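In: here are the coordinates; sequence isn't available:
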Ligand SMILES: [Zn+2]
């Protein structure tokens, strides 16, 4: 059963790539556990990568071409996930970006491989709030709250005021 679901899984259009990949990954792990139990050969990461790639839509055809140009010893699952998440973030950020993915400008893709794509970092900051002050636009590492006495500063002074008010 597991082997069937692993090889028949299709991507739900509404589902984001990261959850789709996570689902496939889980099936893959479960399946390999089953295979180990029955003393059969387990599936390699390459098969999982292949499944991930083949369940992506047509809009990823260019990405698949680029992926094929990577030497097979470098075609690691982590790299694949990282690339797909980067594309997804970029995709959500603007329609221009999906045009970029669709047209698959190889030069730009290679540039992104070297440095972190700035745009998606900024977008991610807009999407995920700071752990300290829960505001978007920066992350905890660069939180302005840190400079004025740490993460508890606001909470402490609020409590202090509340205590005084009760007196
Ligand atoms: Zn903050």
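Out: Arrived safely. The model shown is predicted, which means the values in this text are computed figures rather than measured ones.
In: Which residues of the chain lie near the ion?
Out: Taking Cβ under 5 Å from the ion as the contact definition, the chain meets the ion at 130, 132-133, 143. Bear in mind the C-beta positions are built from the backbone N, C-alpha and C, glycine included.
In: Now tell me what touches the longest helix along the chain from outside.
Out: Among the elements of the chain assigned as helix by DSSP state H, the one spanning the most residues is helix 17-37. For helix 17-37, contacts defined as Cβ atoms under 8 Å, 6 or more residues apart in numbering pick out 2-3, 5-6, 9, 11-12, 15, 41-43, 47-48, 51-52, 55-56, 77, 81, 84-85, 87-88.
In: quick check, distance from that helix to the centre of its chain.
Out: The gap between where helix 17-37 is centred and where its chain is centred comes out at 17 Å by Cα atoms, centre = their mean, to the nearest Å.
In: my guess is residue 53 contacts residue 61, does it?
Out: No. The pair residue 53 and residue 61 does not pass the contact test of Cβ atoms under 8 Å, sitting 10.0 Å apart.
In: Find residues that contact each of the two.
Out: Taking Cβ under 8 Å, 6+ apart as the criterion, residue 53 and residue 61 do not both touch any residue.
In: Residue 65: neighbour count?
Out: By the other Cβ atoms under 10 Å criterion, the neighbourhood of residue 65 contains 11 residues.
In: Tell me the spacing between it and the ion.
Out: As for residue 65, its distance to the ion is 41 Å (criterion: Cβ to the ion, to the nearest Å).
In: Need the three-state assignment for that residue.
Out: Under DSSP: H, G, I helix; E, B strand; the rest coil, the three-state class of residue 65 is helix.
In: Domains in the protein, by residue range?
Out: Following the assignment in automatic domain parsing, the chain carries domains at 2-127, 129-167.
In: which stretch in those has the least confidence?
Out: Looking at the domains of the chain, the lowest mean pLDDT belongs to domain 129-167 (a mean of 67).
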